[in-house]
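after the sequence you'll find the predicted model.
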Amino acid sequence: MNIKITYDWLLEYLETDADPYEMQKYLSLSGPSIETVEKIGDDYVFDIEITSNRIDMASVFGVAQEAQAILPQFGKKAKLKFNPLETYTFDNLKAEPVPNHKLDVTIDDPELCTRFTAMVISAVEIKPSSEIIKKRLELSDIRSLNNVIDISNYLMLSLGQPTHMFDFDQIKGQKMILRKSKKGEKMTTLDGREFELPGDDIVIEDGSGRIIDLCGIMGGENSSITENTKNVLFFVQTYNKRNIRRTSMTTGQRTMAATYFEKGLDPERVESTFVYGIDLLLGATRGHASSELIDLYPHKREEKKVKVYLKDIHRVIGVTIDEKKVIAILEDLGFSVKRHENEELAYPDGVYFEVTVPTYRTDDVDIKEDIIEEVARVYGYYNLPNNISPLLYIKQPHEMEMLFKTISKTKHYLKNIGLHEFLNYSMVSKQLLENMGMDYKAHLRIANTISKEIEYMRRSLAPSLVKNIRDNIGKKDTMKLFEIAKIYTPREKDLPEEQYVLTVAVTTDFFDLKGILEGLFAELNIRNFSYNSKEFNLLSPNTSTAIMSDKKLVGRLGMLRHEFAESMDLSDEVYLAEIDFSFIVENYSVIAPFTDPITTAVIKLDATIDMTNNRYGEIEEKSHQSSKLLQKMEIIDRYKDNITIRFYFADASRNITEEDAKKQLDAIQKSIL
Amino acid sequence: MKSPKELLHQFTEKLSQIKALEELETLEIGYLGRNGLINQQLKNIKEIEASERKTFGQEVNAFKQQVQDGLSSKRSEILKAKNNKKTIDTTLPATAYPKGSLHLVTYAIEEISNIFEKIGFIRMSYPEIEWEFFSFEALNMPSDHPARDDFETFFMDHTPHEEHGKMVLTPHTSSGQHREMRRLGKPPIRMINIAKTYRPNWDASHVPMFHQFEGLCVDKRINITHLKGTIDYFAKQFFGEDRETRLRPFHFQFTEPSFEVDITCDICQGTGKVNGEKCRLCKQGWLELGGTGMVHPNVLSAGGIDPDEYTGWAFGFGVERVMMMRPGVGLSNMRLLYDGDIRVLEQF
């Protein structure tokens, strides 16, 4: 989260000689990151990023405390002028209540609200705020409304604790019940938005059963401060952070108060906020306290202690930091430190600190590493040298090495012959699966998807690539695409099987696609494959083939069935190939096995064959079976159903004659008939 | 027998008739070959009186030299004429070879792997669909952590694992940390894990799937200076030697201390100003690179490693993000990488 506060406001708490820009530079390096400084009028506005673990820092006081520790490291003076946590305590409460009003409070479940404080201020005068409060709030991007509501916001930015102001006379029966909401209960927040509550939200009901507060997020419209308000109920609480976050996220009410409460606030700070708030309210409204102080705080938060050895500080940071400096840094941040020495260990190994953690850091500081972080960051990461981690050899599993190497080889080859790599989401829509004739129920589904477009985990890359082709119609004449990605095959009691596949899609023709694959296999020296006819759901029956290796199906290629092309609005033919990538990885070899070139005579003979009842693959197979001297076959002409094949014959051990070759060809022709 | 003068005259005559290299070749053999005219002349030396042999020899050699010179200058002449004969309009378009493209993420992954391989980090791959335990508990993110709710993580519609909880789409690559610790059993660890990651966030500048790369180093005596040095090494290799890095305090559950890494902006060279105006790309000269930190002791313990004996660092950066930050890439919206427009993708 980000907060905006001003330089002038900060100086109310901090004595320093650092200018706003020095503050930005130095604090950003070691603490809160001041993203921008903007000069407006005679003041400077800081826009500060607060990390989720340091909600205690999201206030003027919080930043001042950080500055007290950090600025001196850069040679700047910085000292808190006062500590509001010590100044504003119930002992110093200025109000002397005349108990004219009574509020009856019931808290259903103490888990919901860790501390509850409230007090009625009567006879208030609703009017614009003082110039200084108005100006500071507006510089912090908060609209100034009136003296009462402004104080609520001013307190939040001053001390980091949101508060609420009710019109006391609108709380029917002078009664409050703090409870969990039921699903479907209705309320209207003070910004006029009407809600059906999701359930388990923290709400307050008044004596007439109306919900008057969506706690920690926004008050109800029915009890809000108006210009006619006479009596104000000042209200400071801490709530269970989980309920607040859930309600805020599900209702979409991302108020500033919610972003504070959902991170978990320190109930101890309620007291100072309360006392400072009453102080401001009495001054600004000329009202007077008219009820008892209500403070329901069943489990007091205690300070915890963390032990840390000096040697561990040095071990993790990597440099030696003087122990006096360690103590100073921690104390300036609000920790108290007791130094001890373990007699059994030599100096400085035996030196350790017992660090008392302030209550507002309870959630954040737990173990010695948390203390080491505080020392390291304030000491300054910029002060540490850069060292490469010590070099040593760790074996990469062979299958990992081969996988990455083969993926890279494959991608670069396909790119170099003119294909384009696409990278699609791993999840697709039900519609797309259905358009491609796939059963969506056989796919893993995302339970909480944010769009129907990304709901099912792919078991084939083909739908995505067909969609890519469809989406690019008119942008390029011919499309040749590929993707290498994991598919996810569900397993009943385990994580899905994640398997890499290569899918190629082209708008050219079958032989172009077949050539791409064979070119790739040749590049990777993969020879262990053959074609086999087989019917596939995705591909048109007479224009597709299976790719086999060791009698196992490792891929398929062919034309996308017309019914799927039709449902995808594609009028042109699309050809697809899908290859199990593990087949490529397992059969890839860097160098092809060497064979001696044939130096004896090669005799070429041509023959024309009627293909009406023949398939070329079979002719090829039979030819090699019936001639041991056949080296190579080449189609040199086609005419109607006839093809002319050139046969190359040779014997590596002797020069053959034309007669020898003719005998071979005869044998071949007989085998084909 | 002809006199050398006559022979020379005859040679010059023949040479002047020659137009092609093949003819020149024949002429050369006729004079300088094994049975050529010059060798025949030299054979005649026996018939010459002893007193004149020396002069004769000198004359034949001089003639040989003249023949060689003549042939050689003719050869240059013919080749020169050949060169001048053929003219090409070199500005005509070339023969087109196919030019394909790879996805920008592919280039980034290859480069990142190479940079880390040089300093001994091995690339690994771990499941993209994980049990909650590996993505969260093992990384010190208890069940009530906000990152684990429905707004930050995709959950699968599948029966949960008895011990490991629900099935999720990995919201970060850090689950690989625990898996690598378990695979090796004990340090040293030097790993880089590059994978797809998923978050329920899809709008003008966010995509629900993107890539992260995770570095993990665990060993005895690993400290913050090693993290700092290694990340600085990566930044200089990937972005350029002139870039500087810095660490800022941050918060992540799986590391303690945690940092955010910034790198100097290449547009304003880290000054925060371009021509006197505020640089629009960066914050005061710095760009955010990603998150890092010292491995949280709970994460080490969960991985079966004693945090009192070993320390480590880890980082997780966005692959698309670092690639888009690279000088000269000029791509400002990550969505373009996943919208599947050929006119965008074919440029890489």
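Thanks, I have it. Just so we're clear, the structure is a prediction, and the values are computed from it rather than from any experiment. Numbering: from 1, shown residues only, chains lettered A, B, ... in the order given.

find the nearest non-adjacent residue to residue 71, please.
I'll assume chain A. residue A:78 (3.7 Å; Cβ to Cβ, 6 or more residues apart in numbering or on different chains). Where you see a C-beta, it was placed from the backbone N, CA and C, and this is true even at glycine.

should've been chain B
With Cβ to Cβ, 6+ apart as the criterion, residue B:71 has its nearest non-adjacent residue at 5.4 Å, and that residue is residue B:28.

ditto for residue A:512
With Cβ to Cβ, 6+ apart as the measure, residue A:506 is the residue that lies nearest to residue A:512, at 5.8 Å, once sequence neighbours are left out.

same thing with residue B:260?
residue B:250 (4.1 Å).

my read: that neighbour touches residue B:258, true?
Yes: with the criterion set as Cβ atoms under 8 Å, residue B:250 and residue B:258 qualify as a contacting pair; they are 4.8 Å apart.

so what's in contact with these two at the same time?
When contacts are counted by Cβ atoms under 8 Å, 6 or more residues apart in numbering or on different chains, the set common to residue B:250 and residue B:258 consists of B:291, B:293.

can you pull the buried residues of the host helix or strand of residue A:5?
In this structure, residue A:5 is located in strand A:2-6 according to DSSP states H and E. Of all the residues in strand A:2-6, those buried under the rule 16 or more other Cβ atoms under 10 Å in any protein chain shown are A:3-6.

cool, stretch B:50-58 as well?
Judged by neighbour count (16+ other Cβ under 10 Å), stretch B:50-58 contains these buried residues: residue B:56.

ok, back up a step: contacting residues around the strand holding residue A:5?
Identification of contacts with strand A:2-6 by Cβ under 8 Å, 6+ apart yields A:35, A:43-50, A:58-60, A:63, A:136, A:139-141, A:157.

strands - which of those residues land there?
The strands in this structure, assigned by DSSP state E, contain A:35, A:43-49 from the contacts of strand A:2-6.

report the secondary structure state of residue B:288.
strand (DSSP: H, G, I helix; E, B strand; the rest coil).

can you count the residues close to residue 262?
Because you didn't say which chain, this covers chain A. A count of nearby residues for residue A:262, using other Cβ atoms under 10 Å in any protein chain shown, gives 26.

wait, chain B was what I had in mind.
Using other Cβ under 10 Å, residue B:262 has 25 other residues around it.

tell me the pLDDT of it.
Taken from the predicted model, the pLDDT recorded for residue B:262 is 93.

I'd guess it is in a strand, am I close?
Yes: when three-state DSSP is applied, residue B:262 is found to be in a strand.

might one say that it is in contact with residue B:286?
Yes: Residue B:262 sits in contact with residue B:286 when judged by Cβ under 8 Å, with a separation of 4.0 Å.

state which one residue of chain B is found closest to chain A.
Taking Cβ to the nearest Cβ, chain A has its nearest neighbour within chain B at residue B:98, 2.5 Å off.

contacts only, for that residue.
Listed by Cβ under 8 Å, 6+ apart, the contact partners of residue B:98 are A:416-418.

how about it, secondary structure?
Remark: residue B:98 carries the secondary structure label coil [criterion: three-state DSSP].

what's the longest helix belonging to chain B packed up against?
Of all the elements of type helix in chain B, the one with the most residues (DSSP state H) is helix B:50-85. Using 3 or more Cβ pairs under 8 Å, 6 or more residues apart in numbering or on different chains; DSSP states H and E as the contact criterion, the neighbours of helix B:50-85 among helices and strands are helix B:4-17, helix B:21-32, helix B:37-43.

redo these as a markdown table? Include mean neighbour count and mean pLDDT.
Converted to a markdown table, the helices and strands packed on helix B:50-85 look like this (neighbours: other Cβ atoms under 10 Å in any protein chain shown; pLDDT from 0 to 100):
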| stretch | mean neighbour count | mean pLDDT |
| --- | --- | --- |
| helix B:4-17 | 13 | 87 |
| helix B:21-32 | 15 | 91 |
| helix B:37-43 | 15 | 85 |
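
leaving out the residues flanking it, which one is nearest to the residue of chain A found nearest chain B?
Among residues of chain A, the one nearest chain B by Cβ to the nearest Cβ turns out to be residue A:418. It sits 2.5 Å away. Of all residues beyond its chain neighbours, the one nearest residue A:418 is residue B:98 (2.5 Å), with distances taken as Cβ to Cβ, 6+ apart.

surely residue B:312 and residue B:222 touch.
Yes: applying Cβ under 8 Å, one finds residue B:312 in contact with residue B:222, separated by 5.3 Å.

now the helices for the stretch 51-200 of chain B?
Shown for the stretch 51-200 of chain B, the helices assigned by DSSP state H, counting those that start in this stretch span residues B:104-117, B:132-135, B:175-184.

just send the ones you listed back as CSV, with mean pLDDT and distance to chain A too.
Rendered in CSV, the data for the helices of the stretch 51-200 of chain B read as follows (pLDDT from 0 to 100; distance: least, Cβ to the nearest Cβ, whole Å):
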stretch, mean pLDDT, distance to chain A
helix B:104-117, 97, 6
helix B:132-135, 94, 9
helix B:175-184, 96, 8
